[in-house]
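1. Generate a structure from the sequence data that follows.
(2 chains)
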Amino acid sequence: MNETFVLELFPEYKIILLLFKNVRNAAALKEKAKNGSIDGALLNPAMVVDPLQILVAVNKAIHLQKVGKMKTRTLNAEIIFNLSPTNNISEAFRRFGMSDRDSQVLVILTDDGSCTSNSQEVVSNVEGQQVPLSELSQLTEITKVKKVSKTLNQYTYILKLIAFHLLERSVQIHFNLRYNTVITCSLIRNQVNTSKKTPIVSTLGVGDPDRS
Amino acid sequence: MPARGLPSSSRPRDNFERSISSSAMCQCPLMTQLHPHLKLHQRILRCWCKDTPAFAMEEEAENCSRLRTRAYVDSLSLMKQGAEARVYRGQFLGKAAIVKERFPKTYRHPILDEKLTHRRTAQEVRSILRCRKAGISAPVVYFVDYVSNCIYLEDIEQSTTVRDYIISIQQAGKDVSQLYGLSSKMGQLLARMHDEDVIHGDLTTSNILLRSPFDELNLVMIDFGLSFISALPEDKGVDLYVLEKAFLSTHPNTEEIFKALLKSYTTASNKSGPVIKKLDEVRLRGRKRSMVG
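-> All right, here's what the predicted structure looks like:
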């Protein structure tokens, strides 16, 4: 259930991602994260298209922490900030952080040995059902992602996401058709195949059992 | 502690200035005479104030970061080495990645070197992102490290350069007419890029990749190391001129194919008129405009 990732640049860190559904105590969790009894970043999984998105953000956050150039005060805040396409911290929290009424949450633990909470502790704190990370794609709400992208230049957001390889192929196909990216994304999510014969979903590695 | 002898309106405003005025003032005599509003290069200050704890810590953190990057990069396989940077290939965040490291040049003054390298790294990333925003396929940027000036990019796997592709077709003695499709695609790509005011600066057939399967003609622009943003037809004309020179010298007997490229550029671009006119001018005079010196 706990997906652990290791960053090549920071091998001493373990990145643990925990995904929960039907969470009932979101407000309490948020409070705990604020006062430090949960040492992790609480995200709204609706805004996450792929774990790579998280890894890119975590990697940047750790790097900035190491060289002392963080824009926010803590590593966990920095991770949430890095996910956002804008430079506004409170906006980043509003959009990417978990909110009090959310029923789903994605917890990121970055453990370099000094992390004060381990995954069991977090699991025991959350009143909800833990699900494997592979279910992330079902929790992504493309309308929300779309909304963020709309506040900006049509492409900016998704293209930042496009740290994504995953969307890559189809974005390209659709750009050729003069679609905008957002449409592309929803196509991927709804798994609608277009006139192109390419099985979009599998070339992207999203939801493809062989690659995930 | 505010600097003594200065008017209160000119008190240090941010942490950086504060750290200098508080701890470094006593140590470097020059500083006491300087107005705090003078924007000095951080690096120069650092040379003067080496012993201050704030700088020492920052320096140490940066050194650690450099060592860490070095250790990682050394574990990768070196792909290419140029005058400006080294390119490595390996895994990053579980994906195939390219790392482009602009190494420090010992033949330049260290302060100048850092400034130039930093600026070029930033410019390269900026151009890549601008292209991607416009829907022009370019490698994904995974991470940028401004401490050791490394760019972590997506590796376009199983791709070939347009150069190798054209050569292989020519060598196989195949019908060269199939290259017309490719050249018109390239024309469209360049038109879109120039319409976004991105000047690549180093257009050659080796700097355009072809994704597999090759028949689909999915082109990817790479190496924005010399790129810049400009709306001037002059710059776009020079960009095309550079490509023309490179194209015709690497691939003999392709004049017709290059003409097709220009033709598709003209039809695809909204602002092609002045550019093509400039291209003709540039052909007559060479790419350097000023003939001074």
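
2. So stretch A:125-135, near chain B or not?
-> No - contact of stretch A:125-135 with chain B (Cβ under 8 Å from any Cβ of the partner chain) is absent, the minimum separation being 13.3 Å. Quick note: C-beta positions are derived from backbone N, CA and C, even for glycine.

3. Let me see the mean pLDDT of that stretch.
-> The pLDDT scores in stretch A:125-135 average 86.

4. before we move on, what about stretch B:192-207?
-> Rounded mean pLDDT across stretch B:192-207 is 91.

5. buried residues in that stretch?
-> By 16 or more other Cβ atoms under 10 Å in any protein chain shown, the buried positions in stretch B:192-207 come out as B:192-205, B:207.

6. Which single one of the residues you listed is nearest to B:Phe228?
-> B:Ile199 (5.4 Å; Cβ to Cβ).

7. Any chance of the backbone angles for the closest one?
-> phi -100, psi 120 (degrees, to the nearest 10).

8. coming back round to it: return the subset of the buried residues of stretch B:192-207 lying in helices.
-> B:Arg192, B:Met193, B:His194, B:Asp195 (DSSP state H).

9. ok, the nearest residue to the second one once chain neighbours are set aside - contacts?
-> Read it as B:Met193. Spatial nearest neighbour of B:Met193, excluding adjacent residues (Cβ to Cβ, 6 or more residues apart in numbering or on different chains): B:Ile136 at 5.4 Å. Applying Cβ atoms under 8 Å, 6 or more residues apart in numbering or on different chains, we find B:Ile136 in contact with B:Leu189, B:Arg192, B:Met193, B:Glu196, B:Val198, B:Met221.

10. ok, the first one to chain A distance?
-> Which is B:Leu189. Using Cβ to the nearest Cβ, to the nearest Å, we find B:Leu189 at a distance of 11 Å from chain A.

11. and the nearest residue to that residue once chain neighbours are set aside, how many residues sit next to it?
-> Counting by Cβ to Cβ, 6+ apart, the nearest residue to B:Leu189 once its immediate chain neighbours are dropped is B:Leu219, at 5.3 Å. Neighbourhood size, B:Leu219 [other Cβ atoms under 10 Å in any protein chain shown]: 20.

12. Name the residues of the host helix or strand of B:Ser65 that are buried.
-> Element membership for B:Ser65, per DSSP states H and E: helix B:53-74. Residues B:Ala54, B:Phe55, B:Glu58, B:Ala61, B:Glu62, B:Ser65, B:Arg66, B:Arg68, B:Thr69, B:Tyr72, B:Val73 are the ones in helix B:53-74 that count as buried (16+ other Cβ under 10 Å).

13. Repeat that for stretch B:215-224.
-> Across stretch B:215-224, burial judged by 16+ other Cβ under 10 Å covers B:Leu217, B:Asn218, B:Leu219, B:Val220, B:Met221, B:Ile222, B:Asp223, B:Phe224.

14. Strands along the stretch 51-200 of chain B, start to end?
-> With DSSP state E, counting those that start in this stretch as the criterion, the stretch 51-200 of chain B has strands at B:77-81, B:86-92, B:95-101, B:141-145, B:150-154, B:160-161, B:198-199.

15. Return the list of helices and strands in contact with the next helix or strand after the last one.
-> Right, strand B:198-199. Per DSSP H and E, the first helix or strand lying C-terminal to strand B:198-199 is strand B:208-210. Packed against strand B:208-210 by the contact rule (3 or more Cβ pairs under 8 Å, 6 or more residues apart in numbering or on different chains; DSSP states H and E) you find strand B:160-161, helix B:162-171, helix B:179-195, strand B:219-221.

16. okay, the ones you listed in TSV with distance to B:Phe143 next?
-> Below are those laid out as TSV (distance: least, Cβ to Cβ, whole Å):
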stretch	distance to B:Phe143
strand B:160-161	25
helix B:162-171	27
helix B:179-195	24
strand B:219-221	19
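
17. I'd like to know which of the ones you listed is closest to A:Gly40.
-> For the helices and strands packed on strand B:208-210, proximity to A:Gly40 was assessed by Cβ to Cβ; strand B:219-221 is nearest, at 37.2 Å.

18. circling back: closest one of the buried residues of stretch B:215-224 to B:Thr266?
-> B:Leu219 (18.2 Å).

19. quick revisit: quick check: the two most widely separated of the buried residues of stretch B:192-207?
-> Greatest spacing in those, by Cβ to Cβ: B:Asp197 and B:Thr205 (22.9 Å).

20. rewinding a little: closest to A:Val6 out of the strands of the stretch 51-200 of chain B?
-> From the strands of the stretch 51-200 of chain B, taking Cβ to Cβ, the stretch that ends up closest is strand B:86-92, at 11.0 Å.

21. give me phi/psi at whatever residue of the stretch 51-200 of chain B ends up closest to chain A?
-> Across the stretch 51-200 of chain B, the shortest distance to chain A (Cβ to the nearest Cβ) belongs to B:Gly135, at 3.8 Å. Main-chain torsions, B:Gly135, degrees, to the nearest 10: phi 80, psi 10.

22. Assess the claim that the residue nearest to B:Leu189 and B:Asn207 are in contact.
-> No - at 10.7 Å, B:Leu219 does not count as touching B:Asn207 under the criterion of Cβ atoms under 8 Å.

23. just to revisit the earlier point, confidence score at the residue nearest to B:Met193?
-> For B:Ile136, pLDDT reads 85.

24. Equivalent analysis for B:Ala268, please.
-> With respect to pLDDT, B:Ala268 has a value of 90.

25. Spatially, and excluding backbone neighbours, which residue is closest to it.
-> Per Cβ to Cβ, 6+ apart, closest to B:Ala268 is B:Ala191, 3.7 Å.

26. hmm, back to that, next one: the residue nearest to B:Met193 relative to B:Leu209, how far apart?
-> Computed as Cβ to Cβ, to the nearest Å, the B:Ile136 to B:Leu209 distance reads 13 Å.

27. and if you look at B:Glu59?
-> On the measure of Cβ to Cβ, B:Glu59 and B:Leu209 end up 39 Å apart.

28. do B:Leu182 as well
-> With Cβ to Cβ as the criterion, B:Leu182 and B:Leu209 are 12 Å apart.

29. residues contacting B:Ile222?
-> Contacts of B:Ile222 (Cβ under 8 Å, 6+ apart): B:Ala138, B:Pro139, B:Ile156, B:Asn207, B:Ile208, B:Leu209.

30. what does the stretch 1-150 of chain B put close to chain A?
-> B:57-58, B:61-62, B:64-65, B:68-69, B:72, B:90-95, B:129, B:132-135, B:137, B:140-143, B:145, B:147.

31. One more pass at 7 Å, please.
-> B:58, B:61-62, B:64-65, B:68-69, B:72, B:91-93, B:95, B:132-133, B:135, B:137, B:140, B:142-143, B:145, B:147 (Cβ under 7 Å from any Cβ of the partner chain).

32. what about A:Thr4, how many neighbours?
-> 11.

33. Quick check: buried residues in the host helix or strand of it?
-> Using DSSP H and E, A:Thr4 sits in strand A:3-6. Within strand A:3-6, the residues that count as buried by 16+ other Cβ under 10 Å are A:Phe5.

34. so what strands line up beside it?
-> Partner strands and pairing direction for strand A:3-6 (DSSP bridges) are strand A:14-21 (antiparallel).

35. Against B:Arg285, how distant is the nearest residue to B:Leu279 once chain neighbours are set aside?
-> Excluding the flanking residues, the one nearest B:Leu279 by Cβ to Cβ, 6+ apart is B:Gly237, at 4.3 Å. Distance check for B:Gly237 against B:Arg285: by Cβ to Cβ, it reads 11 Å.

36. who's more crowded, the two?
-> B:Gly237 (22 against 10).
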